[in-house]
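Student: Kindly generate the corresponding structure for this input.
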Amino acid sequence: MSSEVELVGADKAADDLRRWADQLAPFVDKETVSFGATVADSVRGAVPYLTGQLSGSVESGEGDPGVEVSLGGGVEYAAWIEFGGSRGRPFIPEGRYLYPTLLAAEDSYVRAAEQASEESVRRFHWSTPST
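Tutor: The predicted model follows:
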């Protein structure tokens, strides 16, 4: 007596997984933009404030890939405030505001990305194999 097992829908499942994988990263990027905005708000609140130019230079948005948060665009003294290195301000290679804030929020980003991934799986239109 021989028994055979027929695997139904493997090709469709593989196609679905490829389609889902293709849309996953852009979906996660879109869903985590609010995370970037939250980090940017934290950085804005942490940088020294005199004229508002430095805090006004903090931006966030979708990157390629991921989320981007930046500090100091168009502000000539931004690097000195962030990293130091002269005039009595010690040099700190990782910076004082942007990188430490991002590092402190890493777990929150991972949770947001995981939630977005799970949502992506739920929303995806999976094929139904036919026999």
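
Student: contacts and neighbour counts: CA atoms only from here.
Tutor: OK.

Student: Next, the buried residues of the lengthiest helix in the chain.
Tutor: As assigned by DSSP state H, the longest helix anywhere in the chain is helix 10-31. Residues of helix 10-31 classed as buried by neighbour count (16 or more other C-alpha atoms under 10 Å): 16, 20, 24, 25, 27, 28, 29, 30, 31.

Student: Stretch 107-124 now?
Tutor: Neighbour counts over stretch 107-124 (16+ other C-alpha under 10 Å) mark 109, 112, 113, 116, 117, 120 as buried.

Student: For the closest residue to residue 100 other than its chain neighbours, give me phi and psi.
Tutor: Nearest residue to residue 100 in three dimensions, chain neighbours excluded: residue 94, at 7.5 Å (C-alpha to C-alpha, 6 or more residues apart in numbering). Main-chain dihedrals, residue 94, degrees, to the nearest 10: phi -90, psi -10.

Student: thinking again about what came up before, now flag whichever of the buried residues of stretch 107-124 is closest to residue 9.
Tutor: residue 120 (21.3 Å; C-alpha to C-alpha).

Student: Pull the contacting residues for that closest one.
Tutor: Contacts for residue 120 (C-alpha atoms under 8 Å, 6 or more residues apart in numbering) come out as 24, 27, 28.

Student: wouldn't the first one be in contact with residue 117 here?
Tutor: So the one you mean is residue 24. Yes - using C-alpha atoms under 8 Å, residue 24 is in contact with residue 117, at 6.8 Å.

Student: Next, count neighbours for the residue nearest to residue 100.
Tutor: For residue 94, the neighbour count with other C-alpha atoms under 10 Å is 11.

Student: Thought residue 101 was touching it, still the case?
Tutor: No - contact between residue 94 and residue 101 fails when scored by C-alpha under 8 Å: they sit 10.8 Å apart.

Student: State the distance from residue 99 to residue 75.
Tutor: 18 Å (C-alpha to C-alpha, to the nearest Å).

Student: residue ranges of the helices in this structure, please?
Tutor: Using DSSP H, helices in the chain cover 10-31, 33-46, 53-56, 78-83, 98-104, 106-123.

Student: can you redo the ones you listed as TSV with distance to residue 65 and mean pLDDT?
Tutor: Listed next are the helices of the chain as TSV, based on distance: least, C-alpha to C-alpha, whole Å; pLDDT from 0 to 100:
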stretch	distance to residue 65	mean pLDDT
helix 10-31	7	90
helix 33-46	12	94
helix 53-56	24	97
helix 78-83	24	95
helix 98-104	16	95
helix 106-123	13	92
